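Q: Quick one, fold the following:
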Amino acid sequence: MKLVGVSGTLGGDKTAQAVDDVLAAASSIDPKLEVELIDLRDYEVELCRGEPLSYYNEDTWKVVKSVLAADFLVFGTPIYQASISGVLKNLLDFMPENGFKNKVTGIITTGWSEKHFLVPEYQLKPILSYLKGLVPTTNVFIPNDSFDIETNEINDSSISRRIHNLAEEMIFLQKSMSDRFKD
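A: Modelled structure (predicted):
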């Protein structure tokens, strides 16, 4: 099985670190997993114009195909103005309506204020559900003060436990779905 993590921001390191921590936790739980981090800072994903994917640049094509080819996914986004990042929303606009059918789609978010912890529930979860993704009951919000100021590593053990629990639930759900929907 392949787990793809998407860091949905063009600035800063915290979101990529958070997504990478989920991938690392998943790998420690199931060493047979193949994991990949797609950091949107590393790609020139064009703005979605509603045209066929073949009309877009190679980076856009590559990222969309990698996301769709994953067995399951974890999406990370910072919370900006009480919303998900525009770059992540843009990427999700490329996905077909059934793009995440039979796939677990986990959520991890970062933000300045704990007041934003419900943003993923009310904004990202409905999009992932619309795309037919199965969203785990566990999602992780990480306030910026939970990161080490110099290394950007998470320094809050309760957050680390929640990340591990998210990875564990995602793996359990995906294996259960894969067993159920075998061809």
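Q: residues contacting residue 71?
A: With contacts defined as C-beta atoms under 8 Å, 6 or more residues apart in numbering, residue 71 is in contact with 1-3, 103, 174, 178. C-betas here are computed from N, CA, C, even on glycine.
Q: Next up, phi/psi of it, please.
A: Torsion angles at residue 71 (phi, psi; degrees, to the nearest 10) stand at phi -80, psi -40.
Q: most centrally placed residue in this structure?
A: For the chain, the residue nearest the mean C-alpha position is residue 75 (1.0 Å; C-alpha atoms, centre = their mean).
Q: Wait, that residue touches residue 8, no?
A: Yes: between residue 75 and residue 8 a contact is recorded at 6.2 Å, counting by C-beta atoms under 8 Å.
Q: mind saving the C-alpha coords of the helix or strand residue 173 falls within as PDB?
A: Secondary-structure element containing residue 173, defined by DSSP states H and E: helix 157-180. Listed next in PDB are the C-alpha coordinates belonging to helix 157-180 (Å, rounded to 0.1, in the frame of the first residue of the first chain):
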ATOM      1  CA  SER A 157       4.200  14.800  23.300                       C
ATOM      2  CA  SER A 158       0.400  14.900  23.300                       C
ATOM      3  CA  ILE A 159       0.500  16.100  19.600                       C
ATOM      4  CA  SER A 160       2.900  13.400  18.800                       C
ATOM      5  CA  ARG A 161       0.600  10.800  20.300                       C
ATOM      6  CA  ARG A 162      -2.300  12.200  18.300                       C
ATOM      7  CA  ILE A 163      -0.300  12.000  15.100                       C
ATOM      8  CA  HIS A 164       0.500   8.400  15.900                       C
ATOM      9  CA  ASN A 165      -3.200   7.700  16.600                       C
ATOM     10  CA  LEU A 166      -4.100   9.300  13.200                       C
ATOM     11  CA  ALA A 167      -1.600   7.100  11.400                       C
ATOM     12  CA  GLU A 168      -2.800   4.000  13.200                       C
ATOM     13  CA  GLU A 169      -6.500   4.800  12.400                       C
ATOM     14  CA  MET A 170      -5.700   5.500   8.800                       C
ATOM     15  CA  ILE A 171      -3.800   2.300   8.300                       C
ATOM     16  CA  PHE A 172      -6.500   0.200  10.000                       C
ATOM     17  CA  LEU A 173      -9.300   1.800   7.900                       C
ATOM     18  CA  GLN A 174      -7.400   1.500   4.700                       C
ATOM     19  CA  LYS A 175      -6.500  -2.200   5.300                       C
ATOM     20  CA  SER A 176     -10.200  -2.900   6.200                       C
ATOM     21  CA  MET A 177     -11.400  -1.200   3.000                       C
ATOM     22  CA  SER A 178      -8.800  -2.800   0.900                       C
ATOM     23  CA  ASP A 179      -9.800  -6.300   2.200                       C
ATOM     24  CA  ARG A 180     -13.500  -5.500   1.700                       C
END
